[in-house]
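A.B. asks: Here is a sequence together with a model predicted from it:
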Amino acid sequence: MREVAFLRKNADKWKEFEQLLKDKSGNDPDKLADLYIELSADLAYAQANYPGSKTEQYLNQLSVAVHNEIYRSRKEETGRIITFWTREIPQLFASKQKELLYSFIVFSIAIGIGILSSMNDPSFVRFIMGDAYVNMTISNIDQGDPLAVYKKAEEMDMFFAITVNNVRVSFYAFVSGLLTSIGVGMVLLNNGVMVGAFLHFFAQYGLIGEALRVIFIHGTLELSAIVIAGAAGFVVGNGFLFPGTYSRKDSFIKAGREGLKMIVGLVPVFIAAGFLESFVTRYTNMPLWLSLFIILSSLAFIIYYFVLLPMKLKAKT
């Protein structure tokens, strides 16, 4: 094919490619990849048939531009992952502090209900936690190792099981928002009462100090995740109940996206809590200072990442 004919055949296509790059529409990685492959084929043809020509030089420059755009897009995609965790999630929580506070209050009240119910009804803890668990724990207490339950399972099996369970509980709290905020409140109430009954059960045997020291190694993150997931559920429920200037449908969809994003933000917390419970909590005789260091570090992270950092970013806007 003569060079003039080659130019006439492909000129419109190349101009379209130039426009795509100029308008930044080529930021779609798949589109950029297809564009680069097609240009590479045209460039190879020009190099073989019109070496040293202006056509070859033009196609080479256009191919370089596409290659650079692909590289730039990949860098942005990597940067997007970083900014998602360092800015997007904290910025989202900056506007959800009210829901976070509501969730914390409901969960705290539920823990109090669990403690008071156990104090007034000795059979309550069995009703909530089941006879099997209570009998096993009493047996462990009699044997001088009240928290032996954390030592029995193999670490990796325990890690995967616990992480999946944490995700399930938190996702359930989020999904309950589909039943409006009342559904979220019921989930928080159920989990909080269970925690309260659990704490009073150990307090009856004079082991509350040991229980808190050991269990909160992972429990700080685990219980925080429940509260945060409850906040995500409140976001969804409130989006349906109080649409504001949006239509109820649009408000619900927007709230659902925000709530799901909040749950995704909890993924590192799920993993860290599962790791601590599976690999660290089993060392029930670790030094007190180490236990407190892990607990306080976990608490500091939760407060900073989900409360202080969002407030700091909000103050800058």
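C.D. replies: Great, that's in hand.

A.B. asks: What does the pLDDT read for Asn49?
C.D. replies: Here, the pLDDT recorded for Asn49 equals 80.

A.B. asks: Point out where the protein drops to low pLDDT.
C.D. replies: Filtered on pLDDT under 70, the chain yields the residue ranges 23-37, 66-80, 152-153, 157, 317.

A.B. asks: how about a cut-off of 50?
C.D. replies: Residues of the chain meeting the criterion pLDDT under 50: 26, 76.

A.B. asks: can you pull out the helices in it?
C.D. replies: 3-22, 29-49, 54-83, 89-94, 97-120, 124-129, 131-142, 155-175, 180-204, 208-241, 248-264, 267-275, 288-303, 309-316 (DSSP state H).

A.B. asks: how about these, which one is nearest Arg282?
C.D. replies: helix 155-175 (7.8 Å; Cβ to Cβ). Every C-beta, even on glycine, is put in place using the N, C-alpha and C of the backbone.

A.B. asks: What lies in contact with the closest one?
C.D. replies: Outside helix 155-175, the residues that touch it by Cβ atoms under 8 Å, 6 or more residues apart in numbering are 153, 184, 187-188, 191, 222, 225-226, 228-230, 232-233, 236, 259-260, 262-263, 266, 270-271, 273-275, 277-279, 282.

A.B. asks: got the angle for that helix vs helix 208-241?
C.D. replies: 40 degrees (axes from the mean of the first three to the mean of the last three Cα atoms, to 10 degrees).

A.B. asks: Mind listing what's buried along helix 155-175?
C.D. replies: Within helix 155-175, the residues scored as buried using 16 or more other Cβ atoms under 10 Å are 158-159, 162-163, 166-167, 169-175.

A.B. asks: likewise stretch 284-303?
C.D. replies: Buried-residue list, stretch 284-303, by 16+ other Cβ under 10 Å: Thr284, Met286, Ser291, Ile294, Ile295, Ser298, Phe301, Ile302.

A.B. asks: Which one of those is nearest to Gln47?
C.D. replies: Phe301 (56.3 Å).

A.B. asks: quick one on the thing from earlier: please identify the most buried of the helices of the chain.
C.D. replies: Comparing the helices of the chain by mean neighbour count (mean count of other Cβ atoms under 10 Å), helix 208-241 comes out on top with a mean of 23.

A.B. asks: That one - contacts with which helices or strands?
C.D. replies: Where contact means 3 or more Cβ pairs under 8 Å, 6 or more residues apart in numbering; DSSP states H and E, helix 208-241 is packed against helix 97-120, helix 155-175, helix 180-204, helix 248-264, helix 267-275, helix 288-303.

A.B. asks: re the thing from before, possible to save the helices of the chain as TSV with distance to Val149?
C.D. replies: As requested, these are exported to TSV (distance: least, Cβ to Cβ, whole Å):
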stretch	distance to Val149
helix 3-22	60
helix 29-49	48
helix 54-83	37
helix 89-94	33
helix 97-120	19
helix 124-129	12
helix 131-142	7
helix 155-175	10
helix 180-204	12
helix 208-241	10
helix 248-264	28
helix 267-275	16
helix 288-303	17
helix 309-316	35
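
A.B. asks: any chance of the buried residues of helix 155-175 in CSV, with distance to Gly206 too?
C.D. replies: As requested, those are exported to CSV (distance: Cβ to Cβ, whole Å):
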residue, distance to Gly206
Met158, 28
Phe159, 31
Ile162, 27
Thr163, 32
Asn166, 29
Val167, 35
Val169, 29
Ser170, 32
Phe171, 37
Tyr172, 34
Ala173, 33
Phe174, 38
Val175, 39
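
A.B. asks: What is the nearest of the residues you listed to Ala110?
C.D. replies: Of these, the one sitting nearest to Ala110 (Cβ to Cβ) turns out to be Ala173, at 12.2 Å.

A.B. asks: Once you drop chain neighbours, what's closest to the closest one?
C.D. replies: Closest residue in space to Ala173, ignoring its immediate chain neighbours: Ala229 at 4.0 Å, by Cβ to Cβ, 6 or more residues apart in numbering.

A.B. asks: if I pick the one you found, what's in contact with it?
C.D. replies: Val169, Ser170, Phe171, Ala173, Phe174, Met262, Ile263, Leu266.

A.B. asks: Would you check which pair of these lies furthest apart?
C.D. replies: Using Cβ to Cβ, the two most remote members of the contacts of Ala229 are Val169 and Met262, lying 14.8 Å apart.

A.B. asks: out of the buried residues of stretch 284-303, who's nearest Ala94?
C.D. replies: Ile302 (15.4 Å).

A.B. asks: hang on, the earlier thing: please name whichever of the helices of the chain is nearest to Ala148.
C.D. replies: That would be, of the helices of the chain and by Cβ to Cβ, helix 131-142, which comes in at 4.4 Å.

A.B. asks: What lies in contact with the closest one?
C.D. replies: Contacts to helix 131-142, defined as Cβ under 8 Å, 6+ apart, come from residues Val125, Arg126, Pro146, Leu147, Ala148, Val149, Phe201, Tyr205, Leu207.
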